[in-house]
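In: predicted coordinates and the sequence they were generated for:
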Amino acid sequence: MIDRRDALKLALGSTAVALAAPALAQTKPRSKIVFLGTKGGPRVGIGASNPANLLVVNDTPIVIDCGMGVSRQLVRAGVPIPSIKYILISHHHSDHNLEYGNLFYNAWAAGLSTPIHSFGPKGLEAMTKTYWELNRFDVETRIEDEGRPDPRPLLIARDITDDGVVLQTPDVKVTAFRTPHPPITDNFAYKFETPDGVVVFSSDTAYNPKLAEFAEGADVLVHEAMYLPAVDRLVIKTKNGATLKKHLLASHTSTEDVGRIAAAAGVKVLALSHFVPGDDPEVSDDDWARDVKKHFAGRIVIAKDLMQLPLPV
Ligand SMILES: [Zn+2]
Ligand SMILES: [Zn+2]
């Protein structure tokens, strides 16, 4: 005979088994980096997409930068856009913010019902307000005509004006660090401290040894990279070549200097993304890594669109 208490125990036992099964079956990591767009610069091409990254921490998706194509790349990566919880913009060059408002709009179009918090340098709050003015006709028509919720209260933007902690949740602490990207000074690298490791995104940056201090001991440093021989080829092809070269050299970091930063910071993995130039078929992965290796002996990842880097590394 099984009395009620035994029956309850059995029932609880079988529940426990039922709950354990999917957990055991779940071998894919709950934290990862997904490189959504790896080509530096605002020009849209048929190759790599413009700059954007995704960091998933314990199933919480965080988008870092919104270059053109970010929404499509999220869909291609199998990430439902309405699941995004946070958006961080590093600086207000268009290859990092052009699809900011539209990414949020696309989340709304796909059924968003929970808020997305966004953070970025001064101007993000104004940009958010202006976005709703730009799209007022469509948004108000759809609310009325299709019975959708008002999206405007669901995008909560905050300007970052100084270095320091910008977000802290039980899963992740995000710290901003100003780094020079002439002529832009409101430009932030971000550090994510997670249960699965520390990840730092450099933003676009001139060679900045202080960034190595900010990234010290990180598990992964995602750093922009410029390949000088290809910049010379690019400059010859471009009408505004001389001015462009001056801008690129003053505001980005050569592969050799990226190696110096990664070595000084002592990171476990260096991932190169935001390639300058990002669409020169003559530049191979070996070219990107060669001068980095002069200084950095750790693991180097040459990012490609939609490549995933599981955490911990
Ligand atoms: Zn850029
Ligand atoms: Zn930039």
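Out: Cool, the structure landed. Ligands and ions are numbered 1, 2, ... in the order given.

In: tell me which element whichever residue of the stretch 51-200 of the chain sits closest to ligand 1 falls in.
Out: In the stretch 51-200 of the chain, the residue that lies nearest ligand 1 is residue 95 (4.2 Å; CB to the ion). Where C-beta positions appear, they are placed from N, C-alpha and C, glycine not excepted. Using DSSP states H and E, residue 95 maps to helix 94-97.

In: I'd like the next helix or strand past that helix.
Out: Toward the C-terminus from helix 94-97 - assigned by DSSP H and E - lies helix 100-109.

In: so what's residue 174 bridging to?
Out: Listed beta-bridge partners, residue 174: residue 167, residue 192 (assigned using DSSP bridges).

In: contacting residues around it?
Out: 86, 88, 119, 165-168, 190-193 (CB atoms under 8 Å, 6 or more residues apart in numbering).

In: one more time with 7 Å, if that's ok
Out: 165-167, 190, 192 (CB atoms under 7 Å, 6 or more residues apart in numbering).

In: ok, now residue 48?
Out: Going by CB under 7 Å, 6+ apart, residue 48 touches 37-39, 278-279, 305.

In: helix, strand, or coil at it?
Out: What DSSP: H, G, I helix; E, B strand; the rest coil gives for residue 48 is coil.

In: look up how far ligand 2 lies from it.
Out: Residue 48 sits 16 Å away from ligand 2, taking CB to the ion, to the nearest Å as the criterion.

In: what pLDDT does that residue get?
Out: Note on residue 48: pLDDT of 98.

In: excluding chain neighbours, what is closest to it?
Out: Of all residues not flanking residue 48 in the chain, residue 39 sits nearest, at 3.8 Å (CB to CB, 6 or more residues apart in numbering).

In: just the buried positions in the stretch of helix or strand residue 229 belongs to, please.
Out: Residue 229 belongs to helix 228-237 when elements are defined using DSSP H and E. By 16 or more other CB atoms under 10 Å, the buried positions in helix 228-237 come out as 230-231, 234-235.

In: who are the packing partners of it?
Out: Judged by 3 or more CB pairs under 7 Å, 6 or more residues apart in numbering; DSSP states H and E, helix 228-237 is in contact with helix 241-251.

In: now the angle between helix 228-237 and the helix it packs on, please.
Out: Angle between the axes of helix 241-251 and helix 228-237 is 150 degrees (criterion: axes from the mean of the first three to the mean of the last three CA atoms, to 10 degrees).

In: could you list the buried residues of stretch 121-130?
Out: Residues of stretch 121-130 classed as buried by neighbour count (16+ other CB under 10 Å): 121, 123-124, 127-128.

In: could you export it as CSV, CA atoms only?
Out: In CSV, the C-alpha atoms belonging to stretch 121-130 read as follows (Å, rounded to 0.1, in the frame of the first residue of the first chain):
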residue,chain,number,x,y,z
PRO,A,121,27.3,59.0,-24.5
LYS,A,122,25.6,62.3,-24.1
GLY,A,123,23.0,62.7,-26.9
LEU,A,124,21.4,59.2,-26.6
GLU,A,125,18.4,60.6,-24.6
ALA,A,126,17.8,63.3,-27.2
MET,A,127,18.2,60.8,-30.1
THR,A,128,15.6,58.6,-28.5
LYS,A,129,13.1,61.5,-28.1
THR,A,130,13.8,62.6,-31.7
